[in-house]
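Participant: model the following, please.
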Amino acid sequence: MNSKALPRQVNNAEVGVYECEIHLKFRLVEEKSLFGDRDQLLQVLLEALAEGSDDFLEMLQASVKAHESSEFKASPQMRRQLMRLRNSADTCQ
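Facilitator: Numbering: from 1, shown residues only. Take a look at the predicted model:
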(Lines give C-alpha, C1' and ligand atoms only; values in the text may rest on other atoms or scores of the structure.)
Protein backbone atom coordinates (compact mmCIF):
# COMPACT_ATOMS: atom_id res chain seq x y z
CA MET A 1 0.00 0.00 0.00
CA ASN A 2 1.39 3.38 -0.95
CA SER A 3 0.59 5.89 1.75
CA LYS A 4 1.53 9.53 1.80
CA ALA A 5 1.71 11.16 5.20
CA LEU A 6 0.58 14.72 5.51
CA PRO A 7 3.50 17.14 5.89
CA ARG A 8 3.90 18.05 9.49
CA GLN A 9 5.94 20.75 11.16
CA VAL A 10 8.00 19.61 14.12
CA ASN A 11 8.51 22.57 16.44
CA ASN A 12 10.42 21.50 19.54
CA ALA A 13 8.29 18.36 19.64
CA GLU A 14 9.66 14.95 20.37
CA VAL A 15 8.86 12.35 17.75
CA GLY A 16 8.63 8.63 18.27
CA VAL A 17 7.42 5.40 16.74
CA TYR A 18 3.90 4.31 17.61
CA GLU A 19 1.96 1.14 17.00
CA CYS A 20 -1.66 1.91 16.22
CA GLU A 21 -4.62 -0.41 15.95
CA ILE A 22 -8.02 0.61 14.59
CA HIS A 23 -11.14 -1.52 14.60
CA LEU A 24 -14.13 -0.19 12.68
CA LYS A 25 -17.53 -1.57 12.02
CA PHE A 26 -19.98 0.25 9.76
CA ARG A 27 -22.53 -0.12 7.04
CA LEU A 28 -21.87 1.36 3.63
CA VAL A 29 -23.95 1.77 0.50
CA GLU A 30 -21.55 1.20 -2.41
CA GLU A 31 -21.25 -0.52 -5.80
CA LYS A 32 -20.67 -4.29 -5.59
CA SER A 33 -17.82 -4.18 -8.11
CA LEU A 34 -15.69 -2.17 -5.66
CA PHE A 35 -15.42 -5.11 -3.27
CA GLY A 36 -13.22 -7.09 -5.69
CA ASP A 37 -10.21 -4.74 -5.36
CA ARG A 38 -9.00 -4.64 -1.74
CA ASP A 39 -6.73 -1.58 -2.13
CA GLN A 40 -9.40 0.46 -3.90
CA LEU A 41 -11.97 -0.61 -1.32
CA LEU A 42 -9.71 0.48 1.54
CA GLN A 43 -9.15 3.86 -0.11
CA VAL A 44 -12.90 4.40 -0.59
CA LEU A 45 -13.62 3.34 3.00
CA LEU A 46 -11.02 5.70 4.44
CA GLU A 47 -12.31 8.60 2.34
CA ALA A 48 -15.88 7.87 3.43
CA LEU A 49 -14.86 7.75 7.08
CA ALA A 50 -12.90 11.00 6.77
CA GLU A 51 -15.95 12.79 5.37
CA GLY A 52 -18.12 11.56 8.24
CA SER A 53 -21.46 9.84 8.53
CA ASP A 54 -24.06 10.56 5.87
CA ASP A 55 -26.89 8.72 4.14
CA PHE A 56 -24.40 6.22 2.62
CA LEU A 57 -22.30 5.46 5.72
CA GLU A 58 -23.50 4.35 9.12
CA MET A 59 -20.88 3.98 11.87
CA LEU A 60 -21.64 1.05 14.18
CA GLN A 61 -18.49 0.74 16.30
CA ALA A 62 -15.01 2.27 16.47
CA SER A 63 -12.04 1.70 18.76
CA VAL A 64 -8.49 3.02 18.55
CA LYS A 65 -5.41 1.91 20.46
CA ALA A 66 -1.98 3.50 20.18
CA HIS A 67 1.19 3.05 22.17
CA GLU A 68 4.79 4.09 21.78
CA SER A 69 7.05 1.38 20.45
CA SER A 70 10.80 0.96 20.41
CA GLU A 71 12.25 2.61 17.34
CA PHE A 72 14.41 -0.50 16.90
CA LYS A 73 11.26 -2.47 16.03
CA ALA A 74 10.60 -0.10 13.12
CA SER A 75 11.83 -0.75 9.60
CA PRO A 76 15.16 0.77 8.54
CA GLN A 77 13.28 3.22 6.28
CA MET A 78 11.13 4.40 9.18
CA ARG A 79 14.16 4.77 11.47
CA ARG A 80 15.88 6.92 8.81
CA GLN A 81 12.78 9.11 8.57
CA LEU A 82 12.74 9.44 12.37
CA MET A 83 16.40 10.56 12.34
CA ARG A 84 15.62 13.10 9.59
CA LEU A 85 12.77 14.55 11.65
CA ARG A 86 14.95 14.79 14.75
CA ASN A 87 17.81 16.36 12.79
CA SER A 88 15.50 18.90 11.13
CA ALA A 89 14.08 19.83 14.55
CA ASP A 90 17.64 20.36 15.84
CA THR A 91 18.58 22.65 12.94
CA CYS A 92 15.38 24.73 13.33
CA GLN A 93 16.13 25.61 16.95
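
Participant: what segments of this structure are strands?
Facilitator: In the chain, strands defined by DSSP state E lie at 17-28, 57-69, listed in chain order.

Participant: among the ones you listed, which is nearest Pro76?
Facilitator: Across the strands of the chain, Pro76 has its closest neighbour in strand 17-28 (12.4 Å, CB to CB). Just so you know, the C-beta spots here come from the backbone N, C-alpha and C atoms, and that holds for glycine as well.

Participant: what residue ranges in the protein score low on pLDDT?
Facilitator: Scanning the chain for pLDDT under 70 picks out the ranges 1-13, 93.

Participant: please enumerate the helices of it.
Facilitator: Ranges of helices in the chain, per DSSP state H, are 38-51, 76-92.

Participant: go through the last one and flag the buried ones.
Facilitator: Spelled out, that is helix 76-92. For helix 76-92, the neighbour count (16 or more other CB atoms under 10 Å) marks 85, 89 as buried.

Participant: again with the first one
Facilitator: By neighbour count, with 16+ other CB under 10 Å as the criterion, the buried positions of helix 38-51 are 44-45, 48-49.

Participant: need those in CSV (columns: distance to Cys92).
Facilitator: Shown next, in CSV, are the buried residues of helix 38-51 (distance: CB to CB, whole Å):
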residue, distance to Cys92
Val44, 38
Leu45, 36
Ala48, 37
Leu49, 33
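
Participant: thank you, goodbye.
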